[in-house]
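1. Sequence first, predicted model second:
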Amino acid sequence: MRFAVSPMWEIAPSFRLLNSAATHPVHRIWVNQVRPRMAAAGAARGWLTELIPPSGYVPDFLNPAPAGPAPTLATELAAIRAAPVDRVRRDLDHLARHQGGLGPRMRALYADPQTRLVKVTEAIETYWGLALAPYWARIRTVLDADVLHRARRVAERGAGHLFNDLHSTVTWGDNALLLARRKQPLSRRTAGAGLVLIPSAFTGPGLRTRVTLPDPPQLAYPARGVGALWESRPAARNGALAGVLGRSRTLLLTELETPASTTELARRTGLSAAGVSQCLTALRDAGLVSAHRVGRSVLYARTAAAETLLEATSA
């Protein structure tokens, strides 16, 4: 049994959330920021719309077994492109049964998986850059904290206590892990060896599973602390931080509570676009800011190091 943090396990549930008309109590701030970007880029329709239906089954080849505790998106996309042809077609057959057929892009994928999987991963990369990459440092902090908490419980009290605290539908007893309300039975005979536990920010209140031989079963569950994911961070003591970084760079870090472009930051701060660009380059070189291309523009976001620095100076 092991834990893993997986970018791909956030793709499908977050994409569904963006395409849903419902208002989400936790992710509303994120949805309101990302939906306009998706619409402007024309990314709300396409390969992912056919591959990730509004509800029900999502093809298993989209969630390859994590190669380590924290695979990068690039690593997982490479695994998707390398998915065996028969597995892709088997998953698409399953999707067709659930959805009453396949759309034109999925029929093309079925006919030529090796070529069309490149298109699929390109669509995922575009979506990642628009919706998740600018926020990944913040999301990753929550996921890592969940893993640390649960690993400590295993060390202190054993695996049984871990599972009984994981989700209301999961219990451990009589040397067996029981999943309530799972539509398909899960037994050791039909599952690979081991178990991968994956905390997720977007999976919602339920559990998601992937059971595909010979890979170990994967169990994605709601991470602890997601409810506070989009809460504003405490304000930093700008004077103290400005003494180290400078006033303009400190101001920009503070403004990057939400990802923004150079033009937007210049408008919000009153700094010149050239000055903002120069400061962002310095912050990026220092590992405090990351840049994510969205169409013709670039979104800047705080890194985990910046979040730690701001938290320390707000104490």
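-> That came through fine.

2. Pull up the per-residue confidence for the closest residue to Phe61 other than its chain neighbours.
-> Nearest residue to Phe61, sequence neighbours excluded (C-beta to C-beta, 6 or more residues apart in numbering): Ala83, at 4.3 Å. Heads up, the C-betas are built off the backbone N, CA and C, glycines and all. Looking at Ala83, its pLDDT is 95.

3. go on, the one 4 residues further on?
-> Here, the pLDDT recorded for Arg87 equals 95.

4. How many neighbouring residues does the nearest residue to it once chain neighbours are set aside have?
-> Nearest residue to Arg87, sequence neighbours excluded (C-beta to C-beta, 6+ apart): Phe61, at 5.6 Å. Counted with other C-beta atoms under 10 Å, residues neighbouring Phe61 total 24.

5. Let me know the pLDDT of Phe61.
-> For Phe61, the pLDDT comes out at 96.

6. Which parts of the stretch 1-150 of the chain are helices?
-> Ranges of helices in the stretch 1-150 of the chain, per DSSP state H, counting those that start in this stretch, are 8-19, 28-41, 47-51, 73-81, 85-99, 104-111, 113-127, 136-157.

7. Please report the distance of the residue of the chain positioned farthest from its centre from Thr250.
-> Computed with C-alpha atoms, centre = their mean, the residue of the chain farthest from its C-alpha average is Gly243, at 35.1 Å. In this view, Gly243 and Thr250 are 9 Å apart by C-beta to C-beta, to the nearest Å.

8. quick one, domains of the protein?
-> Domain ranges of the chain: 2-227, 238-314, per automatic domain parsing.

9. Burial check on Ala282, number of neighbours?
-> 16.

10. Skipping adjacent residues, who's closest to it in space?
-> For Ala282, the closest residue by C-beta to C-beta, 6+ apart turns out to be Arg249, at 6.5 Å.

11. element containing that neighbour?
-> Assigned by DSSP states H and E, Arg249 belongs to helix 247-255.

12. Kindly report the same for Ala220.
-> Assigned by DSSP H and E, Ala220 belongs to strand 218-222.

13. Distance from the next helix or strand after that strand to the middle of the chain?
-> Counting by DSSP H and E, the next helix or strand C-terminal to strand 218-222 is helix 238-245. Distance of helix 238-245 from its chain centroid, counting by C-alpha atoms, centre = their mean, to the nearest Å, is 32 Å.

14. Now helix 238-245: average pLDDT?
-> 78.

15. cool, stretch 133-143 as well?
-> Average pLDDT, stretch 133-143: 90.

16. And that stretch, what's buried?
-> Within stretch 133-143, the residues that count as buried by 16 or more other C-beta atoms under 10 Å are Ala133, Pro134, Tyr135, Trp136, Ala137, Arg138, Ile139, Val142, Leu143.

17. Kindly indicate which of those residues lies nearest Val120.
-> Distance to Val120, by C-beta to C-beta, is smallest for Ala133 among these, at 17.7 Å.

18. now the helices of the stretch 1-150 of the chain as a markdown table including distance to Val226?
-> As requested, those are exported to a markdown table (distance: least, C-beta to C-beta, whole Å):
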| stretch | distance to Val226 |
| --- | --- |
| helix 8-19 | 11 |
| helix 28-41 | 11 |
| helix 47-51 | 22 |
| helix 73-81 | 20 |
| helix 85-99 | 27 |
| helix 104-111 | 31 |
| helix 113-127 | 20 |
| helix 136-157 | 6 |
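
19. Return the distance of stretch 99-119 from the chain's centre.
-> Averaging C-alpha positions (C-alpha atoms, centre = their mean) puts stretch 99-119 24 Å from its chain's average.

20. and for it, what are the contacting residues?
-> The contact list for stretch 99-119 (C-beta atoms under 8 Å, 6 or more residues apart in numbering) reads 46-47, 49-51, 53, 56, 80-81, 83, 85, 88-89, 92, 95-96, 120.

21. Give me the mean pLDDT for that stretch.
-> Across stretch 99-119, pLDDT averages out at 95.

22. so how far does it reach from one end to the other?
-> In stretch 99-119, first residue to last residue: 21 Å (C-alpha to C-alpha, to the nearest Å).

23. Likewise for stretch 247-266?
-> Stretch 247-266 has its terminal residues 14 Å apart, counting by C-alpha to C-alpha.

24. what packs against the helix or strand containing Thr308?
-> Element membership of Thr308, judged by DSSP H and E, is helix 304-314. Under the contact criterion of 3 or more C-beta pairs under 8 Å, 6 or more residues apart in numbering; DSSP states H and E, helix 304-314 touches helix 136-157, helix 238-245, helix 247-255.

25. Now render those helices as CSV, adding distance to Leu219.
-> Shown next, in CSV, are the helices and strands packed on helix 304-314 (distance: least, C-beta to C-beta, whole Å):
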stretch, distance to Leu219
helix 136-157, 12
helix 238-245, 41
helix 247-255, 37
